[in-house]
Each structure stands twice: as C-alpha cells, then as structure tokens.
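Q: Attaching a predicted model along with its sequence, questions to come.
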Amino acid sequence: MVDGHNLIPKIPGLSLSDLDDEIKLIQLMQEYCRLRRVEIECYFDKAPQGHPRIQRFGQVIAKFAGPGKTADEEIKERLRRLSRRAREWAVVSSDASIQVAARAAKARIIPSDEFSREIEAALSDNATAQKPPAEENMSEEDLEMWLKAFGADQTDR
C-alpha cells in the first residue's frame, strides 16, 4: 500500500509539479512489481477529470480518493477494512498519521525514502543483469586455431 504523493518527491527525477507525476510513478512501480513479483495499491488524491477512481496498470492498482476525501483517509480506511489481514501488508509512507494508523493495524511500515531506494536498487539490479557481457577480442593464437579448424587460410580473414 503506497502513499503515492508522499513517495513521488523521494524518487529521483520525479516531482509533484510534473503534470504526469502519477503516471511516471506508476510506470516505475510496474517495473518494480514485475521484478519483485508483488502487487501494489497506490493511493492518490483526486482522480483526473473523466478518469475512474480505481485503475489497474498490470500489478499496480491506482486508487484515487473520492470526493471530499484524501488519499490519507482512503489508506486509513483500507487498513481498517483489512482488519487482522493488515498484518500481511506493508504501508509505504513517511506521513506520521499514516504510520500511526499502519502501526495500530500491525502493518509493516516502510518510509518513502527507503522504498525509493528499494525501487532504484531493483531497477539497477535488473539493468546490470540485462547488460550484455563485454566483448572480448580473440587472441591471435585462438584465431589461427579456429581458422585451421574450419579449413580457412589467411585470405579468409
């Protein structure tokens, strides 16, 4: 469970002043979810005009606060509805009131800056794993061996 607007300023390259800050965060979290095989509910204040309050983006469920409510209130309500199952959840927020509610529900608390580092580490690990191995030049002796093995001569180089 992620407090979206609390996390955005903690992500390098994202800003609450960006018009598409929420979608940028969702895209990062989609990749994080794919890599870590988890699902995230991300809460935001007020849905954009003409968009539904709840939208699924792969393993990320974006939930926008209803009229007259805030994302913080929605998170606290979700924790209450989860009841004992809240223990199975982690809540990402540095907001003191959200952390109090999460602690009362016995949910795990992850500060936003810590989760930002976790996302960055997951994406970085993936980029390193996807990086092709460095090219190595073949030694002159190895080249000669392969040329002979395939019946080639110096003119075939």
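A: Looks like it came in fine.
Q: quick one: buried residues of stretch 85-101?
A: Within stretch 85-101, the residues that count as buried by 16 or more other Cβ atoms under 10 Å are 86, 89, 91-95, 98-99, 101. For the C-beta atoms, the positions are set from N, CA and C on the backbone; glycine is no exception.
Q: For this structure, give me the ranges with low pLDDT.
A: Screening the chain residue by residue with the criterion pLDDT under 70, one finds the ranges 126-139, 142-143, 145-157.
Q: Skip the chain neighbours and tell me the closest residue to residue 86.
A: Distances taken as Cβ to Cβ, 6 or more residues apart in numbering put residue 105 closest to residue 86, at 3.7 Å, once the chain neighbours are dropped.
Q: what separates the one you found from residue 78, distance-wise?
A: Residue 105 is 9 Å from residue 78, where distance means Cβ to Cβ, to the nearest Å.
Q: distance between the ends of stretch 80-96?
A: The separation between the terminal residues of stretch 80-96, taken as Cα to Cα, to the nearest Å, is 17 Å.
Q: and for that stretch, what are the contacting residues?
A: Contacts to stretch 80-96, defined as Cβ atoms under 8 Å, 6 or more residues apart in numbering, come from residues 1-3, 6-7, 10, 72, 75, 79, 98-99, 101-102, 105-113, 115.
Q: among those residues, which are in helices?
A: For the contacts of stretch 80-96, membership in helices holds for 6-7, 72, 75, 79, 98-99, 101-102, 105, 112-113, 115, with DSSP state H as the criterion.
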